[in-house]
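>>> from the sequence below, what's the structure:
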Amino acid sequence: MNENIRYERGVAKLTEIYGDKGKLLLDSLQDIAPDMARYIAEFAFGDIHCRPGLDLKSREIATIAALTALGTAGPQLRSHIRAALSAGCTKQEIIEVIMQMTLYAGFPAALNGIQAAREIFSEDPLEK
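Numbers count the residues shown, from 1 in each chain. You can find the predicted model right below:
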C-alpha cells in the first residue's frame, strides 16, 4: 500500500481520536525522531486503529488495560483515558478496566492507573 495513503489515513484517525493533540504529537517528534512520527501515523493509527472488527470504544478499553498493566506508560495511559471518554466510555467503565488489571499486573500498577484516571476525570467536571 502507498505509504502516503497509510500516513494520511493514520493522521485522519489520530485527529478523529485526539483532535488537534494528535497532530501536535506528530509535530513534536519531527525535530528529533521523524521516523517515529511516521511509524505512529502509518502503523499504529493508519494500519492497526483502522482495522475492522473492533469499535473505537473497545480499542480504548483494550489499550487502557494494556497500558495499566505495563505500569510504565503514565502519559500514554492518561491520553487513552481521555480518548476512551471521547469514544463513549463512562468513568465507571474505565475504573473497572483498571481494577481488573489488579489481577494481572498487581496493585501498584492498578493504583497508578487509578491515579491517572483521577487526574483526567478532574479535568472534566461532567459526570459520565
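
>>> going by C-alpha atoms from here, please, whenever you check contacts or count neighbours.
Fine.

>>> any low-confidence regions in the chain?
Applying pLDDT under 70 to the chain flags the ranges 1, 124-128.

>>> quick one, helices of it?
Counting by DSSP state H, one finds helices in the chain at the ranges 3-18, 20-29, 34-39, 56-70, 74-86, 91-100, 102-105, 107-123.

>>> any idea how far the longest one is from the chain center?
With CA atoms, centre = their mean, to the nearest Å as the basis, the distance from the averaged C-alpha position of helix 107-123 to the chain average is 14 Å.

>>> just the angle between that helix and helix 74-86, please?
Relative orientation of helix 107-123 versus helix 74-86 (axes from the mean of the first three to the mean of the last three CA atoms, to 10 degrees): 50 degrees.

>>> and the contacts of helix 107-123?
Residues from elsewhere that reach helix 107-123, judged by CA atoms under 8 Å, 6 or more residues apart in numbering: 68-71, 74, 77-78, 81-82, 91, 94-95, 98-99, 101-102.

>>> please repeat the previous calculation with a cut-off of 7 Å.
Here helix 107-123 makes contact (CA atoms under 7 Å, 6 or more residues apart in numbering) with 68, 69, 71, 74, 78, 81, 82, 95, 98, 99, 101, 102.

>>> Throw these into TSV and include neighbour count and distance to residue 118, thanks.
Shown next, in TSV, are the contacts of helix 107-123 (neighbours: other CA atoms under 10 Å; distance: CA to CA, whole Å):
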residue	neighbour count	distance to residue 118
68	32	14
69	24	17
71	17	16
74	16	12
78	22	10
81	26	10
82	20	11
95	17	9
98	26	12
99	21	13
101	22	16
102	17	17
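
>>> of the residues you listed, which pair is most distant in space?
Largest separation among the contacts of helix 107-123 by CA to CA: 82 and 102, giving 21.0 Å.

>>> circling back to that earlier point, export the contacts of helix 107-123 to TSV and tack on distance to residue 120?
What follows is these, written out as TSV (distance: CA to CA, whole Å):
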residue	distance to residue 120
68	14
69	18
71	17
74	11
78	6
81	7
82	7
95	12
98	14
99	16
101	19
102	20
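
>>> distance of the closest residue to residue 74 other than its chain neighbours relative to residue 64?
Nearest non-adjacent residue to residue 74, counting by CA to CA, 6 or more residues apart in numbering: residue 116, 6.9 Å away. Taking CA to CA, to the nearest Å as the measure, residue 116 and residue 64 are separated by 11 Å.

>>> perfect, I'm done here.
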